[in-house]
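Engineer: Provided below are the primary sequence and the corresponding predicted coordinates.
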Amino acid sequence: MTITQDPWESLHTSALLGTDRRPLRAAALPFAEAVDQADPATALLELAALATVRRRAGALPVPAAGPPGPAAPEDARPELPEPAARRLAVLLAGRAGGSGGTLANLAELLPQWLATARARGLRPPAALIPGLLDAARARSELRTDAVALAGPLGRWLAEQNPDWRFVLRTTTQEAAQRPDAPVDHHLWHEGLFAERVTHLTLLRRSDPAAGLELLRSTWPTERAEDRLLFLDALQDGLSPADEPFLEAALGDRSKNVRATAAELLSTLPGSALARRMAERARAAVRLAEAGTHLLVTPPAECDAAMQRDGIAPKSPTGRGERAWWFGEVVAAAPLSLWPESTGLPPEELLALRVGDSLDETSSSWADDLREAWARAAVRQHDADWARALLGPAPVPPTRGAGRARAPRATGAPAKLLAVLPPGERAAWTAAFIEVHGLGEAFQLLGACATPWTPPLSTAVVTALARAAASGAYPWSHSGVLGMTERALAPEAAAAVEELAAGAAPDSAWAETFGRLAGTLRFRAAMLAELAG
């Protein structure tokens with residue numbers, strides 16, 4: 001009995017073993033006469049291509065499993081303007097027509113387009129939704145905006161195509177806030193970890209009490225690493241109502257969970273933990289009788305009560321243990337403690353000399369105190385303290401005064417900036433860049449809301465012009481340049497085009513400025529289409 005091998009299996013076997021070990025029996029294969037068999041390897045590839053077409057052409061449609069399901073639900077949102085729809089097609093394709101290399105990577109502009117279209121309550125044409133879902137499948141950071149834009153049709157399609165099942169597991173703020181939305185926590189009980197975190201976060205934003213109750217219902221069975229990130233989600237809508245749960249979490253078996261619970265409690269000025277930390281901080285820092293300086297007495301030990309309040313007995317930073325304990329206590333104490341206990345506002349407290357209670361001439365605790373106050377300002381979102389710690393916006397030196405010095409870096413300036421209102425943030429950063437350039441501005445710019453304000457955009461463009469004139473190479477500012485393509489105000493395009501025209505032809509700066517100008521024009525058109 002002769003068994004005839006499937007032609008495709010014969011090709012597959014030869015490809016796996018190699019044509020030297022398994023010679024190609026081309027004569028027995030369909031279309032063998034259509035290929036040149038002088039080179040077996042080439043013949044194998046050509047026959048595989050022909051066989052692939054043959055197999056696909058001969059495929060029969062799969063019989064329907066049953067009667068057609070319900071049609072996709074209606075979507076009442078207005079459809080995108082036609083120019084905006086064409087722009088989305090370009091962004092999804094990742095190319096900009098004949099622009100060649102004169103634009104930024106369009107994939108980096110897609111998130112801004114999606115966020116803007118979503119904020120305007122628009123819906124894409126039905127024909128573009130499959131491409132949108134494919135893009136979101138490949139890039140998880142796009143999913144929230146893409147699923148919201150795809151709307152009910154996107155969810156209907158996801159029910160038909162297993163590749164898009166992530167849509168059914170993605171909760172959007174729009175869906176969570178619908179008054180008629182059913183209370184369905186299947187994602188919390190059945191979803192992947194990231195989906196559970198998103199579900200809890202959105203629920204906390206719309207109904208903090210319900211979010212806390214959901215977390216409480218499964219808390220004892222969660223893994224320690226999961227409990228840690230679930231606690232982070234409680235930052236949304238955090239209030240005194242969460243204190244009993246967080247106070248109980250101070251006894252968790254995971255030290256990281258205990259530390260996170262303590263940090264959240266320290267942001268509630270009226271919590272019992274905040275009061276305990278205030279007592280410790282009051283004992284550690286006092287105003288000298290003369291009122292001219294502050295005296296520091298760091299904790300002598302990390303007792304059991306301090307450990308329960310989230311302070312690790314061993315310093316994880318390499319600092320001395322007493323300095324570590326001191327910083328943790330002051331960072332967790334309410335900032336209102338200091339003006340109340342000294343009668344001095346933040347600016348005057350920061351101007352005081354800091355000495356050791358045993359050696360008032362020593363200033364070794366000054367940096368530790370300022371760094372702890374900076375952490376407290378970020379944790380408690382205290383704009384007055386953040387403003388005082390940052391200091392006034394830099395100003396250029398007067399003629400003959402020498403080069404301006406960068407402001408003292410207290411803690412993390414970018415984190416302190418993030419506490420300030422967006423307009424003030426942008427103004428401070430613009431002043432910094434005007435004086436100090438872009439060398440230390442990357443993190444500061446990252447803390448500013450996008451698109452950047454016109455004054456901040458002007459300061460960045462001017463600083464780039466100075467960098468080009470100084471002989472620096474563009475790649476020395478690659479981080480900032482990458483950010484400008486997404487964040488610079490599109491109105492700055494004309495100024496950037498002037499820089500491109502003034503740069504040496506075919507130079508790296510001419511190419512950089514030309515690319516940036518083209519990207520800004522592209523973004524300006526993109527935003528105008530969505531507004532239209």
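Structural biologist: On my side now, so go ahead. Numbering: from 1, shown residues only.
Engineer: contacting residues around the residue sitting nearest the centre point of the chain?
Structural biologist: With distances taken as C-alpha atoms, centre = their mean, residue 141 lies nearest the centre of the chain, 8.6 Å away. Residues in contact with residue 141 (C-beta atoms under 8 Å, 6 or more residues apart in numbering) are residue 111. The way it works is simple: take the backbone N, C-alpha and C, and place the C-beta from them, glycine included.
Engineer: Secondary structure class of it, three-state.
Structural biologist: helix (DSSP: H, G, I helix; E, B strand; the rest coil).
Engineer: Equivalent analysis for the one 10 residues further on, please.
Structural biologist: Each residue gets one of three states, and residue 151 gets helix by three-state DSSP.
Engineer: from memory it sits against residue 72, does it?
Structural biologist: No. Taking C-beta atoms under 8 Å as the definition, residue 151 is not a contact partner of residue 72, at 9.6 Å.
Engineer: higher neighbour count, those two?
Structural biologist: residue 151 (22 against 17; other C-beta atoms under 10 Å).
Engineer: Disregarding residues adjacent in the polypeptide, which is nearest to the more buried one?
Structural biologist: Counting by C-beta to C-beta, 6 or more residues apart in numbering, residue 151 lies nearest to residue 75, which is 4.8 Å off, once chain neighbours are set aside.
Engineer: hang on, that neighbour is in a helix, isn't it?
Structural biologist: No. Applying three-state DSSP, one finds residue 75 to be coil, outside a helix.
Engineer: so what are the domain limits for this protein?
Structural biologist: Domain assignment for the chain by automatic domain parsing gives 13-52, 82-93+105-170, 186-266, 274-362, 417-531.
Engineer: could you give me the average pLDDT of the last one?
Structural biologist: To tie it back to what came earlier, the one meant is domain 417-531. Average pLDDT, domain 417-531: 93.
Engineer: what about that domain, start to end distance?
Structural biologist: Its first and final residues considered, domain 417-531 spans 30 Å by C-alpha to C-alpha, to the nearest Å.
Engineer: Could you do the second one as well?
Structural biologist: Its first and final residues considered, domain 82-93+105-170 spans 28 Å by C-alpha to C-alpha.
Engineer: how distant is it from the center of its chain?
Structural biologist: 19 Å (C-alpha atoms, centre = their mean, to the nearest Å).
Engineer: How about the third one?
Structural biologist: When distances are taken as C-alpha atoms, centre = their mean, domain 186-266 is centred 20 Å away from the chain's centroid.
Engineer: average model confidence for that domain?
Structural biologist: 91.
Engineer: Span of that domain from start to end?
Structural biologist: So domain 186-266: terminal residues 33 Å apart, C-alpha to C-alpha.
Engineer: Now name the helix or strand holding residue 355.
Structural biologist: Per DSSP states H and E, residue 355 falls inside strand 353-356.
Engineer: Which stretches in this structure count as strands?
Structural biologist: Counting by DSSP state E, one finds strands in the chain at the ranges 285-287, 293-296, 353-356.
Engineer: need those in JSON lines with mean neighbour count and mean pLDDT, can you?
Structural biologist: Formatted as JSON lines, the strands of the chain follow (neighbours: other C-beta atoms under 10 Å; pLDDT from 0 to 100):
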{"stretch": "strand 285-287", "mean neighbour count": "20", "mean pLDDT": "94"}
{"stretch": "strand 293-296", "mean neighbour count": "19", "mean pLDDT": "92"}
{"stretch": "strand 353-356", "mean neighbour count": "17", "mean pLDDT": "86"}
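Engineer: closest to residue 313 out of those strands?
Structural biologist: Among these, strand 293-296 comes nearest to residue 313, with 20.1 Å by C-beta to C-beta.
Engineer: shared neighbours, residue 151 and residue 72?
Structural biologist: In contact with both residue 151 and residue 72: no residue, using C-beta under 8 Å, 6+ apart.
Engineer: Okay, buried residues for stretch 132-150 please.
Structural biologist: Using 16 or more other C-beta atoms under 10 Å as the test for burial, stretch 132-150 gives 132-133, 135-137, 142-150.
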